[in-house]
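Chemist: I would like the atomic coordinates for the input below:
(one chain, ligands or ions: 1)
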Amino acid sequence: MSNRLPFTYSRTAEGLKRSRSSGGLVSALDPVLRKRGGTWIGWPGVELRGNERISTRAGSYRIAPVPLSEPEVARYYRGFSNRTLWPLFHSLPALSQFERVDWEGYEAVNQRFADVAEKHAREAELVWIHDYHLMLSPEFMRRANADARLAFFLHIPFPSYDVFRLCPWDHQLLRGLLACDLIGFHVETYARNFLDCAARILGARVDMESMVVEHGDRVARVGVFPIGIEFAEFEKAAMKAGRERKRERIVLGVDRLDYTKGIPERIRAFERLLELHPEHVGEVVFLQLAVPSRSEVEEYQDLKREIDGLVGRVNGRFATSTWSPIRYLVRSMPRERLCGLYRDAEVALITPLRDGMNLVAKEYVACQVDDPGVLILSRMAGAAETMREALLVNPFNLDDTAEAIHRGLTMGEDERASRIASLRRRERRDDVEAWVGGFLTAAAAERADLQPISDEEIHRWLVSYVKRYPLCLFLDYDGTLTPIAAHPSKAKLRKTMREALARCAGRRDTEVSIVSGRAMADIRKMVGDPDLIYAANHGLEVEGPSIESFRHQDLIHYEGRSRDLLVGLEKIARDGAWTEAKGPTLTFHVRPVPESKRKALLEKARVVMANHGYQAREAHAALEARPPIGWDKGRAVLHILRECYGPAWSERVRVIYVGDDQTDEDAFRFLSGLAMTFRVGSAETPTAAQHRLPNVDAVRRLLEWIGARPRADSELLDASR
Ligand code: ADQ
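Modeler: Residues are numbered from 1 along each chain as shown. I've put the predicted structure just below:
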């Protein structure tokens with residue numbers, strides 16, 4: 001699945017015209033699908049009208065078009081993909097525009113791709129999703145099919161944390177990708193950037209060594225797969241290509257006309273060469289091929305104007321009556337002619353400001369079948385991580401680049417041949433087929449398992465936060481201390497959890513509060529430890545040995561209403577749905593209801609709750625009804641902290657909150673910056689918590705660490721009382 005299909009349609013006077021899509025992705029994947037069969041999902045590149053249809057086969061494989069309307073293309077493709085993500089991911093954030101409408105278009109189109117894929121994916125071994133246009137689709141597909149095998153490859157760089165986090169939708173993009181089993185990048189730097197972002201932005205557990213990310217209850221593997229080219233094809237084309245009669249000394253640049261490719265900087269560097277080494281004037285020509293790209297986007301039009309101006313200026317300055325320094329061709333060149341140019345150019349000047357990989361560098365190397373040339377390559381291209389025999393330059397350093405061109409033009413045959421031979425050996429071995437093979441093998445590997453949380457990890461999270469302070473621990477019950485059960489009465493504490501809890505609660509320097517949506521009597525009975533503080537009914541009631549009992553003052557107005565609401569909810573209950581009356585709050589449970597009927601029933605319950613003046617809140621297979629009095633678990637936690645430790649509580653204790661529910665999100669938000677927060681369970685839901693824990697077992701390990709930690713500093717302990 002990729003933005004474009006292997007061919008692009010355009011509308012002409014004779015109707016739809018089909019041409020092969022350009023770029024490395026198509027040449028890499030088309031042969032694979034031809035050989036193995038499969039389906040290519042993508043946008044046909046044109047808005048289909050009336051009864052226009054496009055072909056659903058390409059040789060031996062199927063085509064599944066994702067038709068898009070012009071407004072969708074404007075937001076998803078020209079907007080969010082090319083005006084937001086493209087510059088940001090190339091570390092040019094000043095060029096990024098962050099528009100909500102573009103984001104929404106991107107979300108909607110990603111959902112559409114996922115829907116089309118869903119229809120074809122049932123019988124597929126793997127859905128391989130390509131590139132930055134489709135970073136949300138994996139999550140949408142995962143929601144529809146929990147078992148699908150999904151893999152992703154990013155063809156552009158993944159930027160550092162410092163740049164990536166500028167995106168207002170950073171969390172969503174990471175979550176989108178983490179729905180995959182395997183996420184591939186060209187080079188290790190990008191993979192590490194991604195892992196770093198997942199850890200720091202989502203609080204995901206990351207193993208930097210084995211490159212595994214655990215996000216809630218899902219595990220994704222990250223891998224490095226440097227793309228290659230059809231080496232043998234390029235080599236063959238270079239041997240076959242015709243020769244110009246008059247051999248000129250050529251320095252060659254070949255790019256899509258894109259501001260990431262550093263064309264203006266390159267022209268300036270060539271100008272600098274002529275200033276520093278005038279012996280090249282009249283002798284050497286810089287030939288720049290630029291294939292027009294995204295010409296509807298304003299920045300690309302600006303770039304074109306800038307280059308036109310620069311070429312004119314430099315030519316005007318240095319040209320003689322028989323020679324011009326720069327030859328600038330804005331067009332696509334057929335493969336065979338391009339290979340001839342590669343072969344005959346003495347120097348390839350490939351100096352992107354930033355590039356995921358850069359295939360031109362590899363194509364140039366493959367075409368050195370004759371007198372070997374010199375490759376000058378930007379350090380900012382992914383290709384520089386492996387093509388170390390090239391002359392590596394910083395494209396922003398014009399003097400450095402000019403000197404490298406001079407060195408290339410004056411390099412002896414022995415050095416040129418040595419450098420090219422090594423480069424060719426590697427590119428021949430790591431060609432595009434090897435890339436596809438390596439990726440597919442990794443994607444077919446066993447799913448990585450969740451690793452039990454280790455003490456070292458917990459230590460790393462907590463030690464610098466807790467230090468030697470007394471600790472105030474807030475724990476939700478269902479889904480946090482016990483797995484969710486079929487009926488609330490069945491969610492009993494396991495022995496090991498009870499022991500871990502008792503060990504924490506037994507310490508003088510640790511206060512434990514249970515914060516639950518259950519009724520007070522119910523939660524006290526389930527936990528069974530009279531020494532803890534209990535915040536029941538989502539914090540509307542608080543009790544405990546060390547705190548004055550609290551009941552929200554406005555509850556009195558809701559006593560009658562809650563009885564009426566109970567009657568209202570019982571009236572609509574069907575298929576085993578039932579209402580739990582908990583005093584001031586009620587829960588409408590739908591766990592026994594068949595999956596297909598739940599949504600409609602919950603919708604009805606929501607209406608009944610609203611009609612009775614209650615606030616509805618989604619919970620696990622249930623809907624909670626709460627009086628709308630601006631009180632939630634977050635407020636309750638703050639109330640407890642202030643009651644126990646006074647208004648300056650944050651100087652006296654450290655706070656940890658662990659929960660698994662939507663209602664715990666209130667506490668996570670409330671406590672942001674004031675506590676360390678953990679969300680337990682499924683990766684599907686976004687969270688405001690700092691860290692995620694996969695399951696109840698991980699919570700137990702956390703409690704065990706807290707129970708066994710060194711005692712709090714006695715001065716701090718005395719101050720907290
Ligand atoms: P691109 O940004 O398109 O690819 P690149 O890797 O250089 O960049 O590929 C460009 C392709 O277009 C090459 O195959 C080249 O031959 C061809 N091309 C360029 N100008 C041409 C011209 N004037 N005439 C004919 N052909 C021309 C994205 C990422 C890269 C990554 C690839 C593959 O931005 O970093 O290497 O995907 O993953």
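
Chemist: quick one: mean pLDDT over the helix or strand harbouring Phe270.
Modeler: Using DSSP states H and E, Phe270 falls within helix 263-276. For helix 263-276, mean pLDDT is 98.

Chemist: a helix runs through Leu252, doesn't it?
Modeler: No: applying DSSP: H, G, I helix; E, B strand; the rest coil, one finds Leu252 to be strand, outside a helix.

Chemist: now it. Nearest residue, chain neighbours left out?
Modeler: Ala345 (3.6 Å; Cβ to Cβ, 6 or more residues apart in numbering). C-betas here are computed from N, CA, C, even on glycine.

Chemist: how about His538?
Modeler: Gly517 (5.1 Å).

Chemist: would you agree Thr510 is in contact with Ala502?
Modeler: No: contact criterion Cβ atoms under 8 Å: Thr510 and Ala502 do not qualify, at 11.1 Å.

Chemist: higher neighbour count, these two?
Modeler: A count of neighbours by other Cβ atoms under 10 Å puts Thr510 above the other of Thr510 and Ala502, at 21 against 15.

Chemist: check contacts around that one.
Modeler: Pro470, Leu471, Cys472, Leu473, Cys504, Ile706, Gly707 (Cβ atoms under 8 Å, 6 or more residues apart in numbering).

Chemist: make TSV out of those residues and add pLDDT and neighbour count.
Modeler: Below are the contacts of Thr510 laid out as TSV (pLDDT from 0 to 100; neighbours: other Cβ atoms under 10 Å):
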residue	pLDDT	neighbour count
Pro470	95	23
Leu471	96	22
Cys472	96	24
Leu473	97	24
Cys504	96	23
Ile706	95	21
Gly707	95	18
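
Chemist: from these, which is closest to the ligand?
Modeler: Ile706 (47.1 Å; Cβ to the nearest ligand atom).

Chemist: from Arg518, how far off is Ala390?
Modeler: Separation of Ala390 from Arg518 (Cβ to Cβ, to the nearest Å): 66 Å.

Chemist: higher neighbour count, those two?
Modeler: With neighbours defined as other Cβ under 10 Å, Ala390 and Arg518 compare such that Ala390 has more, 27 against 24.

Chemist: what's the local residue count around the nearest residue to Leu182 once chain neighbours are set aside?
Modeler: Setting aside the residues directly before and after it, Leu182 is nearest to Ala151 in space (Cβ to Cβ, 6+ apart), at 4.2 Å. Neighbours of Ala151 under the rule other Cβ under 10 Å: 23.

Chemist: looks to me like Ala151 is in a helix.
Modeler: No: Ala151: not assigned to a helix; according to three-state DSSP it is strand.

Chemist: was I right about Val436 contacting Ala28?
Modeler: Yes: judged on Cβ under 8 Å, Val436 makes contact with Ala28 at a distance of 6.3 Å.

Chemist: and these two? Which one has more around it.
Modeler: Ala28 (23 against 20).

Chemist: list the contacts of the closest residue to that one other than its chain neighbours.
Modeler: Spatial nearest neighbour of Ala28, excluding adjacent residues (Cβ to Cβ, 6+ apart): Val432 at 4.5 Å. Contacts for Val432 were tallied using Cβ under 8 Å, 6+ apart; they are Gly24, Ser27, Ala28, Ile227, Gly228, Ile229, Glu230, Phe231.

Chemist: what's the distance between Val432 and Lys362?
Modeler: 9 Å.

Chemist: next, give phi and psi for Gly15.
Modeler: phi 110, psi -160 (degrees, to the nearest 10).

Chemist: ignoring the adjacent residues along the chain, who's closest to it?
Modeler: Glu52 (7.9 Å).

Chemist: residues of this structure that sit close to the ligand?
Modeler: Within the chain, the residues that sit near the ligand (Cβ under 6 Å from any ligand atom) are 22-24, 155-156, 227, 254-256, 289, 291, 332-333, 338, 355-360, 363.

Chemist: in helices, which of these appear?
Modeler: Per DSSP state H, helices hold the following members of those: Gly24, Leu338, Leu359, Val360, Glu363.

Chemist: tell me where the stretch 351-500 of the chain has strands.
Modeler: 374-378, 391-393, 471-475 (DSSP state E, counting those that start in this stretch).

Chemist: highest average neighbour count across those strands?
Modeler: The highest average neighbour count among the strands of the stretch 351-500 of the chain, using mean count of other Cβ atoms under 10 Å, belongs to strand 374-378 at a mean of 27.

Chemist: check Pro647 and give its pLDDT.
Modeler: pLDDT, read off for Pro647, is 92.

Chemist: quick one: what helix or strand has the residue nearest the centre of the chain in it?
Modeler: The centroid of the chain falls nearest to Leu174 when counting by Cα atoms, centre = their mean (2.7 Å). If you go by DSSP H and E, Leu174 is part of helix 170-178.

Chemist: counting by contacts, list what the helix or strand that that helix is followed by packs against.
Modeler: For helix 170-178, the succeeding helix or strand toward the C-terminus, using DSSP H and E, is strand 182-185. Contacts defined by 3 or more Cβ pairs under 8 Å, 6 or more residues apart in numbering; DSSP states H and E place strand 182-185 against strand 150-153, helix 188-202, strand 218-224, helix 432-444.
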